[in-house]
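S.K.: Would you be able to build a 3D model of this:
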Amino acid sequence: MWRQSSKWTMTGLAIVSVAMLVTGSEAPVWGLPPGAENRPQDTGAALPAPEAPLPALPEPATSFDGLDARTRQAAADAANSGATIDVVVLDRNTGQIVANGANQPFPIASVAKLFIADDLLLQVSRGETTLTAAERDSLDLMLRSSDDGAAQTFWDRGRGNAVISRIVARYGLTGTTAPPNGHWDVTLSTASDLVRYYAKLLDGSGGLSPEQADVIMNNLAQSTPTGTDGYPQRFGIPEGLYAEPVAVKQGWFCCWNGPNQLHVSTGAIGPDRRYIMAISSLEPGDAAAARNTITAAVRTMFPGGRV
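M.R.: Sure thing, here's the model as predicted:
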């Protein structure tokens, strides 16, 4: 378990300006009794003593108060079910991070479709390729409903493992490697790298324009309850943070390192996508139980369904 400031370029503090607009031809005079502004003033009166400075306002509580302890509890509860979870949560406004097992590589399954889409959209923006209307529909389906056929088509079009090499270079993903067998779903990454990817996608430093990033994120915000293969894909972040708007890409398969069910839930949280989260779970046995475990972990971390 660790907490650190973000290494990535992002706004640490937000400065909020508030303006008051008063209707009518004149602004009212505050702090004087009625009619006082029209009375003669005694210029010989002593000036009032300067007011003492107002006490400094207390710093607002961070959104992550208590999250370290709740994350440790979530990991312990998962372990009692035989599961191992890795998780990272980032506050993009403050750079604050809470994590557990953040740098352990695991296969990211259908989350690799983010990288496939990203690489394809950059090629389109550079005029290196084009998308027909049908291909654009396939891209949307791949991101919203995790369509494997579309992923394979675009993976082959991007020359397979070269897709991952280009993404790693552009986003600086030090813990991400191309699949050793050439199958996109066995791309290896870490929770830290996945959070880094989203952060750089959203701030534009990964190479995609805001318009291109919106293609990805707006599709993730319309993630369907099930994938095109019929598998439920609301586990983890969507069901755990049920009171927040989320934009998510999920991944799953069986089996990894024996009979383990792999589930990965990633995405941006909140109306302004302030928070980014990546969580993975490896658990032997039943798929439904494994989905419940990763969702329970998110709910333990964020009681009430919101950050």
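S.K.: and the closest residue to Ser281 other than its chain neighbours, how many residues sit next to it?
M.R.: Counting by CB to CB, 6 or more residues apart in numbering, the nearest residue to Ser281 once its immediate chain neighbours are dropped is Ile294, at 4.1 Å. Where you see a C-beta, it was placed from the backbone N, CA and C, and this is true even at glycine. For Ile294, the neighbour count with other CB atoms under 10 Å is 30.
S.K.: Confirm for me that Ile294 is in contact with Leu282.
M.R.: No. Ile294 is not in contact with Leu282 according to CB atoms under 8 Å; the separation is 9.9 Å.
S.K.: Name all residues that sit in contact with those two at the same time.
M.R.: With contacts defined as CB atoms under 8 Å, 6 or more residues apart in numbering, the residues adjacent to both Ile294 and Leu282 are Ala83.
S.K.: Without its sequence neighbours, what residue ends up closest to Leu141?
M.R.: Nearest non-adjacent residue to Leu141, counting by CB to CB, 6+ apart: Asp147, 4.4 Å away.
S.K.: Give the full set of residues in contact with that neighbour.
M.R.: 138, 141, 227-228.
S.K.: now Lys249
M.R.: Contact analysis of Lys249 by CB under 8 Å, 6+ apart lists 110-111, 113-114, 143, 146, 220, 223, 266-267.
S.K.: partner residues bridging it?
M.R.: Beta bridges link Lys249 to Thr266 when assigned by DSSP bridges.
S.K.: Also the one 5 residues further on?
M.R.: For Cys254, the beta-bridge assignment (DSSP bridges) gives partners Gln261.
S.K.: Show me what whatever helix or strand Leu114 lives in is packed against.
M.R.: Using DSSP states H and E, Leu114 sits within helix 112-125. Packing partners of helix 112-125 (3 or more CB pairs under 8 Å, 6 or more residues apart in numbering; DSSP states H and E): helix 133-145, helix 148-157, helix 161-171, helix 191-203, helix 210-220, strand 246-256.
S.K.: and the angle for it with helix 191-203?
M.R.: Angle, helix 112-125 to helix 191-203, by axes from the mean of the first three to the mean of the last three CA atoms, to 10 degrees: 30 degrees.
S.K.: Residues touching helix 112-125, excluding its own?
M.R.: Residues outside helix 112-125 that contact it (CB under 8 Å, 6+ apart): 129-131, 139, 142-143, 146, 151, 154-155, 157-158, 163-164, 166-167, 170, 184-185, 187, 197, 201, 206-209, 212, 215-216, 249, 251, 266.
S.K.: Flag the helix or strand of this protein with the lowest per-element mean pLDDT.
M.R.: Across the helices and strands of the chain, mean confidence by mean pLDDT, DSSP states H and E is lowest for strand 2-5: a mean of 43.
S.K.: Flag the shaky bits of the stretch 151-300 of the chain, pLDDT-wise.
M.R.: Within the stretch 151-300 of the chain, no stretch has pLDDT under 70.
S.K.: Contact partners for the residue nearest to Gly305 when sequence neighbours are not counted?
M.R.: In space, and not counting its chain neighbours, Gly305 is closest to Ala243: 3.6 Å by CB to CB, 6+ apart. Residues counted as contacts of Ala243 (CB under 8 Å, 6+ apart) are 304-306.
S.K.: measure Ala243 to Asn260 for me?
M.R.: Distance check for Ala243 against Asn260: by CB to CB, to the nearest Å, it reads 30 Å.
S.K.: do Gln123 as well
M.R.: Separation of Gln123 from Asn260 (CB to CB) stands at 35 Å.
S.K.: Count the residues that sit near the closest residue to Gly267 other than its chain neighbours.
M.R.: Among residues not flanking Gly267 along the chain, Val248 sits closest, at 3.4 Å (CB to CB, 6+ apart). For Val248, the neighbour count with other CB under 10 Å is 21.
S.K.: Alright, I will stop here.
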